[in-house]
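A.B. asks: need the 3D shape of this:
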Amino acid sequence: MPHLLRTFRFWIGVILGLAAALLYGWVLQPVRATDTSLVSLRQDYRADYVLMVAEAYGGEGELSLAVQRLAALGPETPSQYVEAAIAYASDQAFAVEDIERLTRLARDLQSIPPTPAASSP
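C.D. replies: Down below sits the predicted model:
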């Protein structure tokens with residue numbers, strides 16, 4: 001009988017603890033979602049994002065889509081982001097396949113003719 005009482009108390013504690021955690025997480029201190037841009041990414045996350053773009057490019061073969069995705073990172077050219085990602089990946093000993101994907105994307109980005117700068121009248 002004491003074993004049954006101890007088991008009962010254990011499960012009551014688990015249920016009360018779970019209820020308290022849900023109350024705290026969902027009612028008292030819920031997560032507040034905020035929209036942020038890719039510009040605010042840290043260097044390591046930016047390198048991961050560029051690598052994901054390179055992997056998607058490897059599968060899709062859509063260079064214009066890769067350029068569009070890289071342009072979301074900020075004002076620099078897509079090539080600059082890829083070069084920075086290659087440098088970071090080399091420093092952090094990324095897998096050889098990942099560095100090859102980034103290098104292929106960088107090479108293909110170099111084949112795009114530069115867009116002429118808008119001249120002001």
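
A.B. asks: could you pick out the longest helix of the protein?
C.D. replies: helix 2-23 (DSSP state H).

A.B. asks: need the CA coordinates for that helix. CSV is fine.
C.D. replies: Provided in CSV are the C-alpha atoms of helix 2-23 (Å, rounded to 0.1, in the frame of the first residue of the first chain):
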residue,chain,number,x,y,z
PRO,A,2,2.8,2.6,0.7
HIS,A,3,4.2,1.9,-2.7
LEU,A,4,0.9,2.6,-4.3
LEU,A,5,0.6,5.9,-2.4
ARG,A,6,4.1,6.9,-3.4
THR,A,7,3.3,6.2,-7.1
PHE,A,8,0.1,8.2,-6.8
ARG,A,9,1.9,11.2,-5.4
PHE,A,10,4.6,10.9,-8.1
TRP,A,11,2.0,11.1,-10.9
ILE,A,12,0.1,14.0,-9.2
GLY,A,13,3.4,15.9,-9.0
VAL,A,14,4.1,15.2,-12.6
ILE,A,15,0.7,16.4,-13.7
LEU,A,16,0.9,19.5,-11.5
GLY,A,17,4.4,20.3,-12.8
LEU,A,18,3.3,19.9,-16.4
ALA,A,19,0.2,22.1,-15.8
ALA,A,20,2.3,24.8,-14.1
ALA,A,21,4.8,24.7,-17.0
LEU,A,22,2.1,25.0,-19.6
LEU,A,23,0.5,27.9,-17.7
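
A.B. asks: so which elements touch that helix?
C.D. replies: Helix 2-23 sits against no helix or strand, with contacts defined as 3 or more Cβ pairs under 8 Å, 6 or more residues apart in numbering; DSSP states H and E. For the C-beta atoms, the positions are set from N, CA and C on the backbone; glycine is no exception.

A.B. asks: need the residues that contact it.
C.D. replies: Applying Cβ atoms under 8 Å, 6 or more residues apart in numbering, helix 2-23 has no contact partners.
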